[in-house]
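S.K.: What shape does this take:
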Amino acid sequence: MLFLLATPEYNNVQSNTTKVRVHLRSGIAEIFEQHQDLMGKIDNNIVEIETNFENKLEKIWFVLQDAVFIVSNEKGGTSSSSTFENEGTGVYIYAKRVKEINSSVSIEELSKQYDEKVSLFEMEKQNLVDQNIDVSDETNNSKLMVIKDEVDFLKKVMAVVKDFKG
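M.R.: Now for the predicted structure:
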């Protein structure tokens, strides 16, 4: 089964995927080979995949932000994936941001990134206050909103990593 995860800054393509697990508002969907065509929004922003690499089952988790997915059984690929020779089920996930969770992910490094983003957020917020700009007015502070979005994402990633390692 083909698995494609794409964001503006990240691409992951796996051709040896055996299972994809996503959480939807209606419940958990486990996608295997020959799954029915399906699409939706990933509700808890976590995706788990299983791959068969050198006859060894491997699980990979991803934390996503604003993710949607498409499951397709169309032969020869879909219009968005025609460069891949898809002869079976394809799972395509598109997200704003992604962080792969594995044993090498460091809580300390994530905490450092989080602290840097929080500091940047506070500096940008103070900068707007110094310019007498209302920080609640989203039209005047899109940069602040982007940084806040990054802070929230890193907070979610840290929570998932703590659960993963705990």
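
S.K.: Point to the residue nearest the middle of this structure.
M.R.: The centroid of the chain falls nearest to Leu64 when counting by CA atoms, centre = their mean (2.0 Å).

S.K.: need the contact list for it.
M.R.: The neighbours of Leu64, taking CB atoms under 8 Å, 6 or more residues apart in numbering as the test, are Leu5, Ile42, Asn45, Ile46, Val47, Ile93, Ala95, Lys96, Arg97, Val98. Every residue, glycine included, has its C-beta placed from N, CA and C.

S.K.: looking at it, the fifth one is touching Phe62, isn't it?
M.R.: Yes. Using CB atoms under 8 Å, Val47 makes contact with Phe62 at a distance of 4.8 Å.

S.K.: tell me, what's touching those two both at once?
M.R.: Leu5.

S.K.: how much space between the residue sitting furthest away from the middle of the chain and Lys162?
M.R.: No residue in the chain sits farther from the centre than Asn132, which is 36.1 Å out by CA atoms, centre = their mean. Remark: distance between Asn132 and Lys162 (CB to CB, to the nearest Å) = 40 Å.

S.K.: Tell me the secondary structure at the residue nearest to the centre of the chain.
M.R.: For Leu64, the assignment made with DSSP: H, G, I helix; E, B strand; the rest coil gives strand.

S.K.: Which pLDDT does the model give it?
M.R.: Note on Leu64: pLDDT of 94.

S.K.: domain ranges for the chain?
M.R.: 2-101, 107-165 (automatic domain parsing).

S.K.: Please determine how far the residue farthest from the centre of the chain is located from Ser26.
M.R.: For Asn132 relative to Ser26 (CB to CB), the value is 47 Å.

S.K.: Which residue ranges of the protein form helices?
M.R.: Using DSSP state H, the helices of the chain run over 107-130, 142-165.

S.K.: Of all the ones you listed, which one is nearest Lys19?
M.R.: helix 142-165 (18.0 Å; CB to CB).
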